Each structure stands twice: as C-alpha cells, then as structure tokens.
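What follows is a predicted structure for the sequence shown.
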Amino acid sequence: MIDTYKHKGMRQKLVQIIREKGIHDINVLNAIEKVPRHFFFDSSFLKFAYEDNAFPIGAGQTISQPYTVAFQTELLQVTKGTKVLEIGTGSGYQACVLAEIGAKVFSIERQKMLFDKTLKFLPTLGYNIKLFYGDGYKGIPAYAPFDRILVTAGAPVIPEALLEQLKPGGILVVPVGGGNVQIMTTVVKTSGHEYIKKEHGTFRFVPLLEDKAYD
Ligand code: SAH
C-alpha cells in the first residue's frame, strides 16, 4: 500500500475535524497527521479510512474512531520516551499513534486472529511496538511498572492488576461501563495506593472480555 499526497490531504482534513472537536495536544494532532490510517483497512474499504468514525476490522472488533483515539491519547499525556501499556491492540492503529509520539509501546490483545494479523502487519510500518497475546485484565507483570496504561475496550470495572502495574505519578485511561455506553475515566496514582479518579464524558467501545479461553 502507498501513502499519496491525496491521503496526506485527507489526514490534514481529519486533523482539522478533530481539532474543531476540542483536541489541542500538538503531539497528538501531529501523530494523527502522520500515521497512514488507510494502511489499517482492507483495500475495498479505503474510502472510509479518513472519516471520523470507528470501523469493523473483523472478528467482531473495531478500529476506534480517530477522535476517540485522539481524546484518549490526549488524556494519557504522552511525550517522547513515555512507557505505555495498551490493552486491546486490535488493528494496531492506536499503538502506532503512541509510537509516533515517541512512546515506548507495549500492547496486549486477546483475539488470536487479530493478534497474528497485527503482529505481521506492524513491522511493515517501521514501528517498534512490543505485542503480546493474552488477557489484558492481567496487564503484563513482567514489564511493569508503566508510566501510562490505556484501555481501548469498555471495562465493566477498573482492573486491579492495571492499577498495581502503574508507576507512582502514572496515569490510567479507561472507558468504564459494562453496557453499551462507557464513561471515560482517568486514574492518577499519586503514591503507593492513593488514586485520584476523574470522569470525562461518555463513549462507546467494544467490551473488554473477561473469559480465560481466548478465541
Ligand atoms: N486499539 C484498537 C481498538 C481496539 S477495539 C485499535 O487501535 O484498533 C478493542 C480491542 O480489545 C479488540 O481488539 C478486542 O479483541 C480487545 N480486547 C477485548 N478484551 C480484551 C482483553 N481482556 N485483553 C486484551 N484485549 C482485549
């Protein structure tokens, strides 16, 4: 797949839309402008790549809406070198936006088919992202602690393991809610076991699944 001037122009328009919706973090806007979102789509769906919408990526999962990716990334307050754990790799798009900002990205996915597809695909984009197959509720203890943790699926409750794997001063961004609608929530770990929780409006995500048998 190639990235043409037309695609770049479409991304600039997308960034404009996202900015008008209230995203100001220049690192986030620059990353959305750089990552070729159409590479994450099958060729027959290319024309949808630069609309500000979520889109099916197979296996009942979706690539998040660009505005949602930008909103979560802004809340995460990432700069060069930030160590980030993402729960729900999916297409890998969000992970690439983080990597583009310069974050050191670890990402975990429980859907084997998606995991295999993204594991093969991401290196072709030149990003160095560490992908793991497993249950995001457990985080990745072997690589903890993390500066930031980002959950990209709707969590019925805030997973305890993720709070534990956050550094003091670290931020967890997680859409909380088991139904159709989630409340975007940030949790700042102020010290050992002290947390400050804030809510940032409603969003819709596919569910963070809890069963142990990965499919
Ligand atoms: N960040 C993705 C969007 C993914 S949608 C992107 O940029 O494309 C949410 C993803 O979370 C789905 O791929 C789903 O399979 C995955 N997921 C759901 N429950 C999970 C769990 N317990 N652990 C890890 N991944 C999970």
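Happy to help now that I have it.

got the residues of this protein near the ligand?
Residues of the chain lying close to the ligand (CB under 6 Å from any ligand atom) are 61-64, 87-88, 90-91, 93-94, 108-111, 114, 135-137, 152-153, 206, 208-209. C-beta coordinates here come from the backbone N, C-alpha and C atoms, glycine included.

Among these, which ones are in helices?
93-94, 114 (DSSP state H).

contacting residues around residue 69?
32, 93-94, 97 (CB atoms under 8 Å, 6 or more residues apart in numbering).

make that residue 58, sorry
113-114, 117.

Include pLDDT and neighbour count when you put these into TSV, please.
What follows is the contacts of residue 58, written out as TSV (pLDDT from 0 to 100; neighbours: other CB atoms under 10 Å):
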residue	pLDDT	neighbour count
113	92	12
114	93	21
117	94	19
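
Between those, which sits nearest the ligand?
Proximity of the contacts of residue 58 to the ligand (CB to the nearest ligand atom) peaks at residue 114, which lies at 5.2 Å.

separation between the closest one and residue 193?
34 Å (CB to CB, to the nearest Å).

for residue 106, same thing?
23 Å.

quick one: which of these two has more around it?
Counted by other CB atoms under 10 Å, residue 106 and residue 193 do not tie: residue 106 has more neighbours, with 24 against 9.

For my notes, confirm that one occurs in a helix.
No - according to DSSP: H, G, I helix; E, B strand; the rest coil, the state of residue 106 is strand, so it is not within a helix.

doesn't residue 85 make contact with it?
Yes - the pair residue 106 / residue 85 is scored as a contact, 4.9 Å apart, by CB atoms under 8 Å.

what sits in contact with each of the two?
140, 143, 146.

Now do the contacts for the spatially most central residue of the chain.
When CA atoms, centre = their mean is applied to the chain, the residue found nearest the centroid is residue 94 (3.9 Å). Applying CB under 8 Å, 6+ apart to residue 94 gives the contacts 64, 69, 72-73, 86, 150, 152.

so which of those residues would you say is closest to residue 21?
residue 69 (12.1 Å; CB to CB).

For residue 69, which three-state class applies?
helix.

my bad, should have said residue 149
Applying three-state DSSP: residue 149 is strand.

List the residues that contact it.
Residue 149 neighbours (CB under 8 Å, 6+ apart): 84-87, 139, 162, 165-166, 170-174.

out of everything not next to it in sequence, what's closest to residue 35?
Of all residues not flanking residue 35 in the chain, residue 96 sits nearest, at 4.8 Å (CB to CB, 6 or more residues apart in numbering).
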